[in-house]
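1. Below is the structure, and that's it, no one-letter string:
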């Protein structure tokens with residue numbers, strides 16, 4: 001039975017990066033993937049355009065991960081966004097940031113990233129075996145000894161778990177890595193689907209599906225959680241909301257839904273205008289009908305729905321509306337209430353919130369504090385970020401650190 005210097009479980013972004021780093025200093029590196037091909041999920045990221053990272057400093061970057069962000073310090077110190085771009089430049093993949101924030105390959109094609117990684121795997125002579133689902137981690141006396149797949153055992157004193165989470169289940173994500181590590185005594189926090197559309201109790205939004213509302217601000221309307229907010233573009237759906245701001249905010253909402261069943265939120269649809277600013281803007285155009293006034297700020301379909309909610313007659317001028325209805329309309333334009341009451345679970349989730357407890361992983365090496373020779377990287381760890389290259393940067397950086405020190 002062949003002994004490998006290191007076995008990496010999972011050939012996604014973090015697993016491939018870990019394998020490449022290990023192989024620079026070691027021979028006999030084995031990369032196991034349960035799917036027929038490597039990097040299947042990577043191919044789908046950023047709508048196939050592969051938003052690799054972003055241009056934030058490490059400090060700003062970590063702030064977007066909340067209280068767990070500081071854990072990333074050693075990994076980002078070794079592999080910052082600039083380092084990651086340089087890494088791919090050395091593979092012949094040129095990158096750019098057309099909006100000054102998100103970083104993509106110039107081709108805007110994830111295949112170019114995958115091909116670059118595959119060429120490096122080949123150059124470093126890493127053995128890749130696909131269609132191999134790991135069923136158990138082999139441990140003896142709190143030391144890793146190898147892995148067992150459905151076909152055979154592979155032996156190594158170093159194993160890196162890069163199995164990902166439960167996001168993108170149509171691309172093979174089953175959360176099997178969590179079960180593997182729980183069997184050997186590691187704690188996995190509560191798991192929630194994240195980065196996904198949300199459902200609302202209110203149904204009027206179904207009449208507003210034609211338009212994207214830009215620069216929306218969204219807040220949780222619960223006293224204990226009023227500090228939770230997100231900004232971005234919003235799209236109404238048949239039974240709820242989606243769009244970049246919703247994908248970001250769902251990370252905060254899904255755990256609250258599990259606790260409260262319903263989560264009240266308020267959204268500012270008017271690019272940050274408050275009640276007084278809206279009043280002043282409307283006073284400057286007294287001859288317009290109420291519908292025409294709202295249409296200076298919002299699409300017609302949404303304007304009509306807000307008129308209905310405030311019991312205002314769209315054809316009348318604002319001055320001819322009943323006072324309480326006029327006030328209600330202004331309040332709705334500043335902060336529109338919605339009630340989040342559901343989602344479609346992991347089948348629509350891009351990432352997972354939760355994972356292997358950070359208390360059980362050394363952030364300086366990514367090694368388990370419980371099992372010698374066992375390492376973690378990527379989404380399996382209890383770290384998740386918003387849209388915009390955050391999660392992919394973390395995957396590459398954590399994989400780099402896990403493999404660098406072996």
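-> Ah, there it is. Quantities reported herein were computed from a predicted structural model and do not represent experimental measurements.

2. drop to CA atoms for contacts and neighbour counts, all remaining ones
-> Fine.

3. centre of the chain versus the worst-scoring helix or strand of the chain on mean pLDDT, how much separation?
-> When the helices and strands of the chain are scored by mean pLDDT, DSSP states H and E, helix 40-44 comes last with a mean of 92. Centre-to-centre, helix 40-44 and its host chain are 14 Å apart (C-alpha atoms, centre = their mean, to the nearest Å).

4. what does the domain assignment say about this structure?
-> According to automatic domain parsing, the chain comprises the domains 3-192+352-404, 198-343.

5. Make TSV from these and add mean neighbour count to it.
-> Shown next, in TSV, are these (neighbours: other C-alpha atoms under 10 Å):
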stretch	mean neighbour count
domain 3-192+352-404	20
domain 198-343	18
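
6. Does anything pack onto the least confident helix or strand of the chain? Which helices or strands?
-> When contacts are defined as 3 or more C-alpha pairs under 8 Å, 6 or more residues apart in numbering; DSSP states H and E, helix 40-44 sits against helix 110-123.

7. and the helix it packs on, what does it pack onto?
-> helix 13-23, helix 40-44.

8. want to try TSV for these, with distance to residue 76 as columns?
-> Output for these, formatted as TSV (distance: least, C-alpha to C-alpha, whole Å):
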stretch	distance to residue 76
helix 13-23	13
helix 40-44	20
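
9. can you tell which of these is closest to residue 66?
-> Set against residue 66 and scored by C-alpha to C-alpha, the helices and strands packed on helix 110-123 come closest in helix 13-23, at 21.1 Å.

10. which residues are in contact with the closest one?
-> Helix 13-23 is contacted by residues 6, 8-10, 29-31, 39, 42, 117, 120-121, 124-126, 160-163, 377-378, 392, 395-406 when judged by C-alpha atoms under 8 Å, 6 or more residues apart in numbering.

11. Could you list which of these belong to strands?
-> In strands, defined here by DSSP state E, the members of these are 6, 8-9, 29-31, 160-161.

12. and which of those residues is nearest to residue 262?
-> residue 161 (35.5 Å).

13. ok, the closest one - contacts?
-> Counted by C-alpha under 8 Å, 6+ apart, residue 161 has contacts 8-10, 15, 177, 374-377, 380.

14. Mind doing that once more with 7 Å?
-> Residue 161 sits next to 8-10, 375-377 when contact means C-alpha atoms under 7 Å, 6 or more residues apart in numbering.

15. export those residues to a markdown table and tack on distance to residue 276 and pLDDT?
-> Shown next, in a markdown table, are those (distance: C-alpha to C-alpha, whole Å; pLDDT from 0 to 100):
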| residue | distance to residue 276 | pLDDT |
| --- | --- | --- |
| 8 | 58 | 98 |
| 9 | 57 | 98 |
| 10 | 54 | 97 |
| 375 | 55 | 98 |
| 376 | 52 | 98 |
| 377 | 49 | 98 |
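
16. can I get those residues in a markdown table with distance to residue 353?
-> Output for the contacts of residue 161, formatted as a markdown table (distance: C-alpha to C-alpha, whole Å):
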| residue | distance to residue 353 |
| --- | --- |
| 8 | 23 |
| 9 | 20 |
| 10 | 19 |
| 375 | 20 |
| 376 | 16 |
| 377 | 15 |
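
17. In those residues, find the pair that's most separated.
-> Within those, 10 and 375 form the most distant pair, 12.5 Å apart (C-alpha to C-alpha).

18. Residue 105 pairs with what?
-> Per DSSP bridges, the residues bridged to residue 105 are residue 95.

19. measure it to residue 113 for me?
-> To residue 113, residue 105 is 7 Å away according to C-alpha to C-alpha, to the nearest Å.

20. Identify the contacts common to those two.
-> residue 93.

21. how about low-confidence regions in the stretch 201-350 of the chain?
-> By pLDDT under 70, the stretch 201-350 of the chain has no low-scoring segment.

22. can you pull out the strands in it?
-> Ranges of strands within the stretch 201-350 of the chain are 212-220, 229-236, 240-242, 263-268, 336-342, based on DSSP state E, counting those that start in this stretch.

23. In JSON lines: those, plus distance to residue 384.
-> Converted to JSON lines, those look like this (distance: least, C-alpha to C-alpha, whole Å):
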{"stretch": "strand 212-220", "distance to residue 384": "19"}
{"stretch": "strand 229-236", "distance to residue 384": "15"}
{"stretch": "strand 240-242", "distance to residue 384": "19"}
{"stretch": "strand 263-268", "distance to residue 384": "21"}
{"stretch": "strand 336-342", "distance to residue 384": "21"}
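
24. I would like the residues contacting the least confident helix or strand of the chain, please.
-> Under the criterion C-alpha under 7 Å, 6+ apart, residues 12-13, 110-111, 171 lie in contact with helix 40-44.

25. Looking at those, which gets the smallest pLDDT?
-> Lowest pLDDT among the contacts of helix 40-44: residue 171, with 80.

26. Need the outlier residue of this structure, farthest from its centre.
-> Distance from the C-alpha centroid of the chain peaks at residue 320, with 47.2 Å (C-alpha atoms, centre = their mean).

27. How much space separates that one from residue 327?
-> Separation of residue 320 from residue 327 (C-alpha to C-alpha): 12 Å.

28. try residue 252
-> 31 Å.

29. ditto for residue 402
-> 58 Å.

30. same deal with residue 31?
-> 63 Å.

31. Which SSE is immediately downstream of the least confident helix or strand of the chain?
-> Next along the chain after helix 40-44, taking DSSP states H and E as the criterion, comes strand 53-54.

32. Can you name every helix or strand that that following strand contacts?
-> strand 102-105, helix 390-404 (3 or more C-alpha pairs under 7 Å, 6 or more residues apart in numbering; DSSP states H and E).

33. All set, thanks.
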